[in-house]
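>>> Sequence and computational prediction follow.
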Amino acid sequence: MMFLLYKKEKSVKIKEDSSSHLYHSAMDLARTALSDRSTRPNLPTAESLQRKANRHRKSQRPSEPTDLFLQ
């Protein structure tokens, strides 16, 4: 049970960090989130947190224009 709460905490942290630090790389944010990894095994990998951060950033971007009439 404690493992799931900690995993969810890391997931929320990476989403918050990716929203507030737009110009930091997603891999740097993932490594920062996993800085205490040695004390807790079986956490998500840095690559999976990187994908999660990039997906969250993608959802925050404006949609692609469908025509050339920019208003």
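Yes, it's here. Numbering: from 1, shown residues only.
>>> Please make it C-alpha for all contacts and neighbour counts, starting now.
Noted.
>>> tell me the contacts of residue 31?
Listed by CA atoms under 8 Å, 6 or more residues apart in numbering, the contact partners of residue 31 are residue 46.
>>> For it, give its distance to residue 9.
Using CA to CA, to the nearest Å, one obtains 15 Å as the distance from residue 31 to residue 9.
>>> For this structure, give the helix that spans the most residues.
Ranked by residue count, the top helix of the chain under DSSP state H comes out as helix 2-20.
>>> For that one, list every residue counted as buried.
Counting neighbours by 16 or more other CA atoms under 10 Å, one finds that the buried residues in helix 2-20 are 10-11, 13-15, 17-18.
>>> Is it possible to get those out as CSV so that each row also shows distance to residue 50 and pLDDT?
Compiled in CSV, the buried residues of helix 2-20 are given as follows (distance: CA to CA, whole Å; pLDDT from 0 to 100):
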residue, distance to residue 50, pLDDT
10, 12, 84
11, 10, 86
13, 12, 88
14, 8, 90
15, 10, 90
17, 11, 90
18, 10, 90
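>>> can I get those in a markdown table with distance to residue 53?
Below are these laid out as a markdown table (distance: CA to CA, whole Å):
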| residue | distance to residue 53 |
| --- | --- |
| 10 | 11 |
| 11 | 9 |
| 13 | 10 |
| 14 | 6 |
| 15 | 6 |
| 17 | 8 |
| 18 | 6 |
